[in-house]
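**Q** return a 3D structure for these sequence lines:
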Amino acid sequence: MINISEKPVVRRYAKASGSVVLKKETVDLIRKGEIKKGDVFTSAKIAGIQGAKEAWSRMPYCHQVPIESIDFTMNLEEEKATVSCAVVANWKTGVEMDALSCVTSALLTIWDMTKYLEKDDTGNYPSTEITDVHVDTKEKGHAPS
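**A** Numbers count the residues shown, from 1 in each chain. Model prediction:
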């Protein structure tokens, strides 16, 4: 790991987002709350928050960050679900990996919960894909008072 012991504690903020492309019929069932595995919104949010909190354990060179806030949003469009996650911490290193881990964990959960609807006759996923995962914003502020 990189030595951050001499770095000052400052406010860190990162927001990441991404999408999972789904069939229109799958999105309609998510909206109606008719997915067999349960509430997709709640499950994706819990998975996302857990993903942010555990980023350090998933990536070997990622520092454990004392996360102070996670703001999670999920929106449904005609043929996709979009997720964004904003993470805040007062610490010595950034929180962009935590935000990305939040987003990808949520997107994977959405896919997992809907995969029975997305498979074709051969068991493959011809149109389902996770896409556009990126860091939207990263900020480094002043030391906390």
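**Q** need the per-residue pLDDT for the residue nearest to the spatial centre of the chain.
**A** Computing the C-alpha centroid of the chain and ranking residues by C-alpha atoms, centre = their mean puts residue 103 first, at 1.2 Å. In this model, residue 103 is scored at 98, pLDDT.
**Q** is it true that it lies in a strand?
**A** No - Residue 103: not assigned to a strand; according to DSSP: H, G, I helix; E, B strand; the rest coil it is helix.
**Q** that one reaches residue 82, doesn't it?
**A** No - in this structure, residue 103 is not within contact of residue 82 by C-beta atoms under 8 Å, at 9.5 Å. Heads up, the C-betas are built off the backbone N, CA and C, glycines and all.
**Q** between those two, which contacts overlap?
**A** Jointly contacting residue 103 and residue 82 under the rule C-beta atoms under 8 Å, 6 or more residues apart in numbering are 17-18.
**Q** residues contacting the residue nearest to the centre of the chain?
**A** Taking C-beta under 8 Å, 6+ apart as the contact definition, residue 103 lies against 16-18, 48, 51, 83-85, 133.
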